[in-house]
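In: got a sequence here, can you build the structure:
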Amino acid sequence: MKWWRNYNQEMMDRTRDVRMDRIFRDKGNGASHLEKDISQEAGGRKMIKVTRLSGEEIYLNVLQIESMSCIPETKIKMMNGYYIIIKDSAESVIEQIRRFAHSCVTCDLQEEG
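Out: All right, here's what the predicted structure looks like:
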């Protein structure tokens with residue numbers, strides 16, 4: 001049954017790429033999202049970059065991460081129930097999430113006077 005899960009994940013990845021290309025074309029940017037640096041921004045949402053065991057780099061929406069566990073590798077459970085096993089350490093993922101959260105929050109402490 002394991003090959004079936006790999007096939008399903010591959011099909012979902014292809015579908016996601018096609019959908020992202022369509023979104024960027026519709027916004028009038030002209031270029032494919034694959035040609036952009038999506039570690040900076042993808043579809044208006046900040047993402048974190050992780051590496052699968054196969055060496056493939058993927059970008060995850062931090063708001064869709066449900067939990068993480070440390071086995072010899074790092075296992076991330078997404079909100080849709082899928083698991084992603086990555087080479088990156090849990091600490092590096094947490095640091096990327098921290099940077100994402102820090103970029104969302106600003107504080108203006110100017111005194112009136």
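
In: got any ranges where the protein has weak pLDDT?
Out: 1-7, 24-45, 106-108, 111-113 (pLDDT under 70).

In: check contacts around residue 101.
Out: Residue 101 makes contact with residue 62, according to C-beta atoms under 8 Å, 6 or more residues apart in numbering. Every C-beta, even on glycine, is put in place using the N, C-alpha and C of the backbone.

In: let's go with 7 Å and repeat that
Out: Counting by C-beta atoms under 7 Å, 6 or more residues apart in numbering, residue 101 touches no other residue.

In: quick one: it from residue 58, how far?
Out: According to C-beta to C-beta, to the nearest Å, residue 101 stands 20 Å off from residue 58.

In: what about the strands in the protein?
Out: 47-51, 57-61, 65-70, 74-78, 83-86 (DSSP state E).

In: out of those strands, which gets nearest to residue 16?
Out: Closest approach to residue 16 among those (C-beta to C-beta): strand 57-61, 9.8 Å.

In: alpha carbons only: can I get the closest one in CSV?
Out: Only the C-alpha atoms of strand 57-61 are listed here, as CSV (Å, rounded to 0.1, in the frame of the first residue of the first chain):
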residue,chain,number,x,y,z
GLU,A,57,13.1,21.0,-1.5
ILE,A,58,9.5,21.9,-0.7
TYR,A,59,7.8,24.9,0.8
LEU,A,60,5.2,24.5,3.6
ASN,A,61,2.6,27.0,4.7
